[in-house]
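Enquirer: Sequence below, structure please.
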Amino acid sequence: MKQKVVVKISMNGHKSRSKALKIAVGIQGVESAALQGQDKDQIVVTGDGVDAVVLTTSLRKGVGHAELVSVSPVKEGDKKQGGSGGGGGGVVIRKKMRPYGRV
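Expert: Residues are numbered from 1 along each chain as shown. Just a heads-up that it's a prediction; the model follows:
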């Protein structure tokens with residue numbers, strides 16, 4: 001089941017934003033991650049079988065204070081709209097698949 005997880009993070013600059021996105025995309029089951037919110041202080045993660053607690057804990061360890069805002073199932077209509085919501089043009093990072101056997 002596809003889920004949409006929203007996590008609010010206290011991020012100070014561009015470096016911490018990119019670090020948070022890298023951590024979020026590295027979690028198992030994550031298909032995409034995007035920054036949202038007025039100050040780009042929220043990460044919206046979509047994926048199949050994403051563990052929200054593991055995601056939030058990893059972000060706390062790597063970046064700083066992280067607060068789980070919401071977890072909701074993704075509807076088919078939301079998938080077609082993409083990031084055109086009220087967030088105001090967030091950055092979307094898609095997970096790259098690595099070849100088997102390479103680290």
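Enquirer: quick one: residue 58 from residue 76, how far?
Expert: Distance, residue 58 to residue 76, by Cβ to Cβ, to the nearest Å: 29 Å. The C-beta positions use only the backbone N, C-alpha and C, and glycine is treated the same way.
Enquirer: Same question for the helix or strand hosting residue 46: list its buried residues.
Expert: Assigned by DSSP states H and E, residue 46 falls within strand 42-48. For strand 42-48, burial by neighbour count (16 or more other Cβ atoms under 10 Å) applies to 42, 43, 44, 45, 46, 47.
Enquirer: from these, which single one is nearest residue 66?
Expert: residue 43 (8.6 Å; Cβ to Cβ).
Enquirer: quick one, what contacts that closest one?
Expert: Shown in contact with residue 43 (Cβ atoms under 8 Å, 6 or more residues apart in numbering): 6, 7, 9, 20, 21, 24, 33, 34, 35, 36, 59.
Enquirer: Make JSON lines out of those and add distance to residue 53.
Expert: Formatted as JSON lines, the contacts of residue 43 follow (distance: Cβ to Cβ, whole Å):
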{"residue": "6", "distance to residue 53": "14"}
{"residue": "7", "distance to residue 53": "11"}
{"residue": "9", "distance to residue 53": "15"}
{"residue": "20", "distance to residue 53": "17"}
{"residue": "21", "distance to residue 53": "19"}
{"residue": "24", "distance to residue 53": "14"}
{"residue": "33", "distance to residue 53": "17"}
{"residue": "34", "distance to residue 53": "20"}
{"residue": "35", "distance to residue 53": "21"}
{"residue": "36", "distance to residue 53": "20"}
{"residue": "59", "distance to residue 53": "11"}
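Enquirer: So which of those residues sit within helices?
Expert: Secondary structure from DSSP state H places 20, 21, 24, 59 of these in helices.
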